[in-house]
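>>> next comes the sequence, and after it the predicted model I'd like to discuss.
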Amino acid sequence: MRGIAKPDAIAAGALLVLGLLYGALALDGGLGTLADSGAGFFPFVVALVLVAASGVVLLQSRRRTPRGVTPPEDDAEGEGDGEVRWWRIAGVLAAALLVPAVGDTVGMIVTLAISLVLMAKVMGVSRWSSAVIFGFAFGAATWLIFVRWLSVPLPGGTLGLF
């Protein structure tokens, strides 16, 4: 086996580009300072983490035996046959693109929650109720941590939902 499978490198490359785009859009929102963070601060941190993680995967794909990565022996859904589920990759990327595309209009927290619900369904969560609970919990935790505790002004959107 030569490094990480090619689909992993392709997905990491796509996420790297998405992270760079997301970071550039976050800069437009204004970073502020550590004491008084702007609306783009948290999205910029997320973009940095995404770019760093994608970069590590891409670097590991160039190595013969990546550290800490072992090929899966069996997939829980029986998809361990080596076949790439491109529709899942496309679905997760599309759901992730909702955040920069409509976050300013709908509201960042609502958009994040909806994106997480869609990602959960694409990744195989069988019940809609479980996906909705997961998305709602993530949105609530995001609001509590960033808006309430850290006073980070996240875009509320023109609908004024959060």
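That came through, no problem. Numbers count the residues shown, from 1 in each chain.

>>> show me where pLDDT drops low in the protein?
Within the chain, the ranges that satisfy pLDDT under 70 run 1-5, 34-35, 63-84, 159-162.

>>> tell me, what residue is most central in it?
For the chain, residue 96 is the residue whose C-alpha lies nearest the centre (C-alpha atoms, centre = their mean; 5.6 Å).

>>> enumerate every residue touching that one.
18, 115, 119 (C-beta atoms under 8 Å, 6 or more residues apart in numbering). (C-beta placed from N, C-alpha, C; glycine too.)

>>> go again using 10 Å as the cut-off
Contacts for residue 96 (C-beta atoms under 10 Å, 6 or more residues apart in numbering) come out as 14, 15, 18, 19, 22, 50, 115, 116, 118, 119.

>>> also residue 40?
Residue 40 makes contacts with 23-32, 47, 152-155, as judged by C-beta under 10 Å, 6+ apart.

>>> out of those, which end up buried?
23, 25, 26, 29, 31, 47, 152, 153, 154, 155 (16 or more other C-beta atoms under 10 Å).

>>> going by distance to residue 124, which of those wins?
Of all the buried ones among the contacts of residue 40, residue 47 has the smallest distance to residue 124: 26.3 Å, by C-beta to C-beta.

>>> which of the helices or strands spans the closest one?
helix 41-62 (DSSP states H and E).

>>> tell me which residues in that helix are buried?
Across helix 41-62, burial judged by 16+ other C-beta under 10 Å covers 41-44, 46-47, 50-51, 54, 57-58, 60-61.
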